[in-house]
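> here is a sequence together with a model predicted from it:
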Amino acid sequence: MLRWKIVETSSVTDDSLEAIVNEWTAQGWTFEGMQFAMRESSKRPAMAFVLFTRGEAGRGGDGGES
């Protein structure tokens with residue numbers, strides 16, 4: 001089973017985004033991508049969503065997927 005982790009941040013700087021990626025990949029998550037929410041009045045993003053995935057063994061008594 002594939003699990004997703006989405007981390008939202010309003011601090012959209014290289015340092016804060018790097019810290020998020022390093023923190024979650026150190027915990028076993030795989031970085032998948034980043035999405036930005038823009039402000040109309042600025043070229044700088046207002047928010048970022050950092051996307052991670054991790055595979056986990058299936059949970060169920062039927063010997064399901066792992």
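Arrived safely, thanks for sending.
> contacts, neighbours, all on C-alpha from now
OK.
> secondary structure element for the residue nearest in space to the middle of the chain, which one?
With distances taken as C-alpha atoms, centre = their mean, residue 51 lies nearest the centre of the chain, 2.4 Å away. Using DSSP states H and E, residue 51 maps to strand 45-55.
> what's the nearest residue to residue 47 if we skip its chain neighbours?
Leaving aside its sequence neighbours, residue 47 sits nearest to residue 10 (C-alpha to C-alpha, 6 or more residues apart in numbering; 4.4 Å).
> pLDDT wise, what is that neighbour at?
pLDDT for residue 10: 97.
> so how far is residue 50 from it?
Separation of residue 10 from residue 50 (C-alpha to C-alpha, to the nearest Å): 11 Å.
> could you do residue 38 as well?
Following C-alpha to C-alpha, the distance that separates residue 38 from residue 50 is 15 Å.
> repeat that for residue 14.
13 Å.
> neighbour count for these two, which is higher?
residue 50 (20 against 8; other C-alpha atoms under 10 Å).
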